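Enquirer: Need coordinates for the following:
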Amino acid sequence: MMGSRLGLGLLIAAALAAAGGCAVGPDFKRPPAPAADAYGSAPVTTGDEAQRLVAGMDIPSQWWTLFKSPALDQLVEQALTANPDVGAAQAAMRQAHELYLAQRTSFLPVVQGSLGGERSEFPTGTLTSPTTASSSTYTLYTAQLTLSYAPDIFGATRRQVEMSKAQFESSRFQLEATYLTLSSNVVVTAVQEASLRGQIAATTRLLQLQQQLTAIVQRQRSLGTVSDLDVLAQQSAEAQTAQTLPPLQKQLGQSRDALTALLGRLPSEEPEATFRFDDLTLPTELPLSVPSKLVEQRPDVRQAEENMHAASAADGIALANMLPQFSIDADVGSSALKLGKLFTPYTGFWDAGASLTQTLFDAGALKHRHRAADAALDQAAAQYRAAVILACQNVADTLRALQADATALRASAEADRAAKATFDLAQRQRELGTVGLLTLLNAEQAYRQAELALVQAEANRYSDTAGLFQSLGGGWWNRKQEPRYEQFGASGK
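Expert: Next up, the predicted model:
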């Protein structure tokens, strides 16, 4: 009873001392948000009426639904639940959370129980028997509780918990970055597929026209109205058109493979859904966040901030390790020569004690570790600054791209309309017999080339629209339910 009171008293005293102590090292403060209210000379308008930028517009968590394609929505959702990168990132976050919970237990004492038996023999010629029995051999049974506790006088434990929590938050934002990158890749790959299908269709028709033109020129050569040079020139033009088709077909196949991999599937499990621009709708309203808001929205910036937080806590831990270390230990138990006699009167024992240790000489190891922690903090701060700069650069680049896309798309659309009007006119004139077949084919060839350029311009605009949502963070803060990885080998716990 007396031992229990003494141990409890020591524990209370240590807890009060720890509560009254302060955590050494720097107290982390979030870096100030950028003061800039714009992105330099980057435009704040897309340059046409098809899309407009809305300052301060919130971003839905499922931003890809703004393209109004049920097939695309389904594939993004499948990717978020089946891509192995998601499973790995979710597992990493769970691991970091469990390590954080484990570290929190450091505030409490550790109590261990033991029960053991020991068979011994003592030298009867030189020592007095430790027991009342006449035999020189005996068995000693011991049941014991051991308590150990390290009071957090200088805040090392608090800094360790702080660091573990920051590492958990870092893994959480890494998971958000994985979601954002994956969903963006699915959308951009679907846009690329739509673009390639449109380019292949236009190129195939161009090749057919070139083949017809070659046949006409060859007939004209047989009639002597054109020279061999004209035939060779047309054959060269046909060959040049033909050589552009296989690379497009290769890219389409590879984009399908890439889309299948994004879904967490093998190439033999290619999805049935295919994409063309007729299946997609260009969002008319686009969000625009100022830099001070952007740093709150970008998962990579938030991850860099938590990494800096962890480095700050590690700096405090390195400093605390240079200071005296306190510990409290206590034991209480019972020893008896027979197992059935444990915990009977006069078999109990206890001990309690406290210790203080201070490293007096380590050849400067602790000092250099502290300096290394200082350097790591400086590194994390620089990496955070780099993440902020990159985030702002991404938005600025995308804004410039959107304006350039609008200009290019407008010019391509005008060229396409002019070429289509010329082709329609040539068709009517051909029906009236005022122009020859060669003129009609040349008009259609010009129209198909303009159509090909229009497809490429549309692809750029769709891709850069998706890029804007990605560069602004993707709306993860509005998610109500987190995707659950359920593919190969996922534990589901």
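Enquirer: Please make it C-alpha for all contacts and neighbour counts, starting now.
Expert: Will do.
Enquirer: Just give the nearest non-adjacent residue to residue 234, would you?
Expert: Ranked by CA to CA, 6 or more residues apart in numbering and with sequence neighbours excluded, the top spatial neighbour of residue 234 is residue 214, at 5.7 Å.
Enquirer: ok, the one you found touching residue 235?
Expert: Yes - Residue 214 is within contact range of residue 235, at 6.1 Å (criterion: CA atoms under 8 Å).
Enquirer: What is the neighbour count of residue 239?
Expert: Using other CA atoms under 10 Å, residue 239 is surrounded by 14 other residues.
Enquirer: So this structure: which segments form each domain?
Expert: 1-26+110-123+136-151+328-357, 31-108+152-186+276-323+365-478 (automatic domain parsing).
Enquirer: In terms of mean pLDDT, which of the ones you listed ranks lowest?
Expert: Sorting the domains of the chain by mean pLDDT places domain 1-26+110-123+136-151+328-357 lowest, at a mean of 80.
Enquirer: Turn the domains of the chain into a markdown table, including mean neighbour count.
Expert: Output for those, formatted as a markdown table (neighbours: other CA atoms under 10 Å):
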| stretch | mean neighbour count |
| --- | --- |
| domain 1-26+110-123+136-151+328-357 | 15 |
| domain 31-108+152-186+276-323+365-478 | 19 |
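Enquirer: how about TSV for those, with distance to residue 219 added?
Expert: Converted to TSV, these look like this (distance: least, CA to CA, whole Å):
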stretch	distance to residue 219
domain 1-26+110-123+136-151+328-357	87
domain 31-108+152-186+276-323+365-478	12
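Enquirer: which stretch among the ones you listed comes nearest residue 267?
Expert: The closest of the domains of the chain to residue 267 is domain 31-108+152-186+276-323+365-478. By CA to CA, the value is 13.7 Å.
Enquirer: Start and end of that closest one, how far apart?
Expert: Distance between the two ends of domain 31-108+152-186+276-323+365-478: 24 Å, counting by CA to CA, to the nearest Å.
Enquirer: Adjust the sequence numbering to begin at 337 for everything that follows.
Expert: Happy to do that; since the first residue is 337 now, the last one works out to domain 367-444+488-522+612-659+701-814.
Enquirer: ok, which stretches of this protein are strands?
Expert: 388-391, 446-457, 473-485, 621-624, 661-672, 684-693 (DSSP state E).
Enquirer: can you redo the ones you listed as CSV with distance to residue 414?
Expert: Converted to CSV, these look like this (distance: least, CA to CA, whole Å):
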stretch, distance to residue 414
strand 388-391, 30
strand 446-457, 46
strand 473-485, 49
strand 621-624, 25
strand 661-672, 53
strand 684-693, 57
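Enquirer: Can you check which of the ones you listed gets nearest to residue 509?
Expert: Once the strands of the chain are compared by CA to CA, strand 621-624 is nearest, at 21.3 Å.
Enquirer: so which of the strands of the chain comes closest to residue 358?
Expert: For the strands of the chain, proximity to residue 358 was assessed by CA to CA; strand 661-672 is nearest, at 14.3 Å.
Enquirer: Direction included, what does that closest one pair up with?
Expert: Sheet pairing of strand 661-672 (DSSP bridges) gives strand 473-485 (antiparallel), strand 684-693 (antiparallel).
Enquirer: would you list the ones you listed in JSON lines and tack on distance to residue 796?
Expert: Output for those, formatted as JSON lines (distance: least, CA to CA, whole Å):
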{"stretch": "strand 473-485", "distance to residue 796": "63"}
{"stretch": "strand 684-693", "distance to residue 796": "66"}
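Enquirer: quick one, which of those strands is nearest to residue 821?
Expert: Residue 821 lies closest to strand 473-485 among these, at 40.2 Å (CA to CA).
Enquirer: Kindly format the C-alpha coordinates of the closest one as CSV.
Expert: The C-alpha trace of strand 473-485 is given here as CSV (Å, rounded to 0.1, in the frame of the first residue of the first chain):
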residue,chain,number,x,y,z
THR,A,473,17.6,-26.2,-4.3
TYR,A,474,14.4,-24.2,-4.4
THR,A,475,12.0,-22.6,-6.9
LEU,A,476,11.0,-19.0,-6.7
TYR,A,477,7.8,-17.7,-8.3
THR,A,478,7.5,-14.0,-9.0
ALA,A,479,4.4,-12.0,-10.2
GLN,A,480,5.3,-8.4,-11.0
LEU,A,481,3.9,-5.1,-12.5
THR,A,482,6.4,-2.7,-13.9
LEU,A,483,5.6,0.9,-14.6
SER,A,484,7.9,3.2,-16.7
TYR,A,485,7.2,6.8,-17.5
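Enquirer: Give me the nearest residue to residue 684, chain neighbours excluded.
Expert: Here the residue nearest residue 684, using CA to CA, 6+ apart, is residue 670, at 4.2 Å.
Enquirer: Could you double-check that that neighbour lies in contact with residue 681?
Expert: No - between residue 670 and residue 681 there is no contact under CA under 8 Å: 9.5 Å.
Enquirer: So the residue lying closest to residue 447 once chain neighbours are set aside versus residue 688, what's the distance?
Expert: Among residues not flanking residue 447 along the chain, residue 483 sits closest, at 4.5 Å (CA to CA, 6+ apart). Relative to residue 688, residue 483 is positioned 9 Å away (CA to CA).
Enquirer: Quick check: neighbours shared by the two?
Expert: Counting by CA atoms under 8 Å, 6 or more residues apart in numbering, the shared contacts of residue 483 and residue 688 are 664, 665, 666, 667.
Enquirer: Those into TSV, with extra columns for distance to residue 447?
Expert: Listed next are those as TSV, based on distance: CA to CA, whole Å:
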residue	distance to residue 447
664	12
665	10
666	9
667	10
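Enquirer: Identify, from the residues you listed, the entry nearest to residue 761.
Expert: Relative to residue 761, and with distances defined as CA to CA, the nearest of the shared contacts of residue 483 and residue 688 is residue 664, at 97.2 Å.
Enquirer: Quick one: residues contacting the closest one.
Expert: 346, 347, 483, 484, 485, 486, 487, 688, 689, 690, 691.
Enquirer: Just give me the closest of these to residue 364.
Expert: residue 487 (22.6 Å).
Enquirer: Quick check, that closest one in contact with residue 662.
Expert: Yes - counting by CA under 8 Å, residue 487 does reach residue 662; the two are 6.2 Å apart.
Enquirer: which residue ranges form the helices in this protein?
Expert: 338-356, 406-418, 420-440, 492-559, 564-598, 627-633, 635-656, 701-768, 773-807 (DSSP state H).
Enquirer: between these, which gets nearest to residue 380?
Expert: helix 701-768 (7.0 Å).
Enquirer: What is that closest one packed up against?
Expert: helix 627-633, helix 635-656, helix 773-807 (3 or more CA pairs under 8 Å, 6 or more residues apart in numbering; DSSP states H and E).
Enquirer: Let's have these in TSV, adding distance to residue 820.
Expert: Formatted as TSV, the helices and strands packed on helix 701-768 follow (distance: least, CA to CA, whole Å):
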stretch	distance to residue 820
helix 627-633	22
helix 635-656	19
helix 773-807	21
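Enquirer: do you know which of these lies nearest residue 595?
Expert: Residue 595 lies closest, by CA to CA, to one member of those: helix 773-807, at 15.0 Å.
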